[in-house]
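> Sequence first, predicted model second:
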Amino acid sequence: MKGLLAVGLLIAGVVLTLLLGVRTVTPADVWHAFTAPDPQNPAHVTILWIRLPRLGAGLVAGAALGLAGTVMQTLTRNPLADPGILGVNAGASFAIVLGALLLGQADYGLMTALAFPGAALASAAVFLLGGGLSGDAGPIRLTLAGAALNALLLSLISAMVLMRAETLEVLRFWVAGSLSSAIERPVGAMSLIVLAGATLALILAPRLEALSLGAALARGLGTRPGLIQAQALLAVTALTGAAVSVAGPIAFLGLMVPPLARHVAGHDLRRELVASAILGAGVLLVADTAGRLIFPPAEVRAGIMTALIGGPVFIWIARRLKPGAQT
């Protein structure tokens, strides 16, 4: 039943994305747009050239961030971990804004490709500072390292904006997080990256579950904590880099989704990962649609909507943690 609710949320997000917005269309308009598209029909143009790319970006980014959050929380044994809190989103955004500063804004493909090295360097730095590569990572150390790195990178992004005003448009899009420019983003290519990252996460799931019991016990079970952490970081980097490439750093989505996935799927990590992908995409699509309806024709960006929801969720989870807890 819980699984059906998760799938229902995703279906609702897909339907709402296609039907609702500044221009409300009917289910008949959607059907005819796919079966007999008319380029002179404004409803068909809206559906095929605005909302369909937006839907694709929401599915890719939402699923990727849900998966990345679940992998991070399992790897760090920290229910407060997500790509945003641990600085991975900020690393990807920093690389993109730096590319805009040095290369200009003309080549969007090159700019979005910069998200991957930025996310990789940020994730590696957090785990080095938090002791993750030695197998001694703890929730507090990793959260503090991520918060410090996140603050540093956001400060550097602000400095780059002051150096060159043209980077402000890039900052406005990437830092807030939005699906509005989906047609300009390499959604197809990024979906393949997400598929690869998701496959790696599913393969690693049993070893990640062993590692979540503690590095010493994991070694006793025949696993290599350092190698597992490196592989998990690769999966998180691929997933986060792809999500940021198509939608910018969507705040708190990777924090909210994993607890919901555990509630839906129980404590089987592979089932949690599948549930995280479904719920992440559904939550992002619903949040994006809500942001388009609050102050029409203006739009509240999807990243702001998820932050409005995720902030209270973060506080709620933090208050439930027991002092000294590692899980």
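Perfect, thanks for sending it. All values reported here derive from a predicted model rather than from experimental measurement. Residues are numbered from 1 along each chain as shown.
> Could you list the low-confidence segments of the stretch 151-300 of the chain?
165-166, 169-175, 212-225 (pLDDT under 70).
> Do a quick rundown of the helices in it.
167-176, 187-211, 215-220, 225-247, 253-265, 269-294 (DSSP state H, counting those that start in this stretch).
> what's the angle from the second one to helix 269-294?
For helix 187-211 against helix 269-294, the angle between stretch directions is 140 degrees (axes from the mean of the first three to the mean of the last three C-alpha atoms, to 10 degrees).
> Name the residues of helix 187-211 that are buried.
187, 190-191, 193-194, 197-198, 200-201, 204-205, 207-211 (16 or more other C-beta atoms under 10 Å). Where C-beta positions appear, they are placed from N, C-alpha and C, glycine not excepted.
> hmm, who's touching that helix?
Here helix 187-211 makes contact (C-beta atoms under 8 Å, 6 or more residues apart in numbering) with 53, 56-57, 60, 63-64, 67-68, 70-71, 74-75, 112, 217-218, 221, 223, 225, 228-229, 231-232, 234-239, 241-243, 245-246, 269-270, 273, 277.
> OK, contacts around L285?
10, 13-14, 16-17, 55, 58-59, 62.
> Swap in 6 Å and give it another go.
13, 17, 58 (C-beta atoms under 6 Å, 6 or more residues apart in numbering).
> Ok, A61 next?
So A61 contacts 243, 246-247 (C-beta under 6 Å, 6+ apart).
> Let's see that with 8 Å instead.
179, 242-243, 246-247, 250, 284.
> Dump the helices of the stretch 151-300 of the chain into TSV; add distance to P312 as well.
Supplementary listing: those in TSV, determined by distance: least, C-beta to C-beta, whole Å:
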stretch	distance to P312
helix 167-176	19
helix 187-211	28
helix 215-220	33
helix 225-247	22
helix 253-265	10
helix 269-294	14
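> so which of the ones you listed comes closest to L149?
helix 225-247 (13.8 Å; C-beta to C-beta).
> these two touch, right, T74 and L269?
Yes. T74 sits in contact with L269 when judged by C-beta atoms under 8 Å, with a separation of 6.2 Å.
> OK, contacts around the most centrally placed residue in the chain?
Residue closest to the average C-alpha location in the chain (C-alpha atoms, centre = their mean): L65, at 2.7 Å. Residues in contact with L65 (C-beta under 8 Å, 6+ apart) are 82-83, 239-240, 243, 250, 253-254, 257, 280, 284.
> Adding neighbour count and distance to P117, write the residues you listed out as a markdown table.
Converted to a markdown table, the contacts of L65 look like this (neighbours: other C-beta atoms under 10 Å; distance: C-beta to C-beta, whole Å):
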| residue | neighbour count | distance to P117 |
| --- | --- | --- |
| D82 | 29 | 20 |
| P83 | 34 | 15 |
| L239 | 36 | 15 |
| T240 | 36 | 12 |
| A243 | 37 | 15 |
| I250 | 34 | 20 |
| L253 | 34 | 22 |
| G254 | 34 | 20 |
| V257 | 34 | 25 |
| G280 | 33 | 24 |
| L284 | 33 | 24 |
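> ok, so of the residues you listed, who is nearest G303?
I250 (4.9 Å).
> what about R77, distance to L142?
Distance, R77 to L142, by C-beta to C-beta, to the nearest Å: 9 Å.
> Of those two, which one has the most company?
L142 (26 against 18; other C-beta atoms under 10 Å).
> Now the more buried one: closest residue in space, sequence neighbours ignored.
G130 (3.8 Å; C-beta to C-beta, 6 or more residues apart in numbering).
> Tell me if I'm right that the one you found and A145 touch.
Yes. Counting by C-beta under 8 Å, A145 is a contact partner of G130 at 4.3 Å.
> Compare those two and say which is more crowded by neighbours.
More crowded of G130 and A145, by other C-beta under 10 Å: G130, with 24 against 21.
> what about the more buried one, distance to V286?
33 Å.
> Same check on A120?
Counting by C-beta to C-beta, the gap from A120 to V286 is 30 Å.
> now do A265
20 Å.
> Could you look up the SS state of the residue nearest to V236 when sequence neighbours are not counted?
The spatially closest residue to V236, leaving aside those adjacent along the chain, is A68, at 4.9 Å (C-beta to C-beta, 6+ apart). With DSSP: H, G, I helix; E, B strand; the rest coil as the basis, the three-state label of A68 is helix.
> residues in contact with A68?
By C-beta under 8 Å, 6+ apart, the neighbours of A68 are 82-83, 88, 197, 235-236, 239-240, 243, 254.
> how about 7 Å then?
83, 236, 239-240, 254 (C-beta atoms under 7 Å, 6 or more residues apart in numbering).
> Format those residues as JSON lines; extra columns: distance to V313.
Conversion of the contacts of A68 to JSON lines gives the following (distance: C-beta to C-beta, whole Å):
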{"residue": "P83", "distance to V313": "15"}
{"residue": "V236", "distance to V313": "20"}
{"residue": "L239", "distance to V313": "20"}
{"residue": "T240", "distance to V313": "19"}
{"residue": "G254", "distance to V313": "11"}
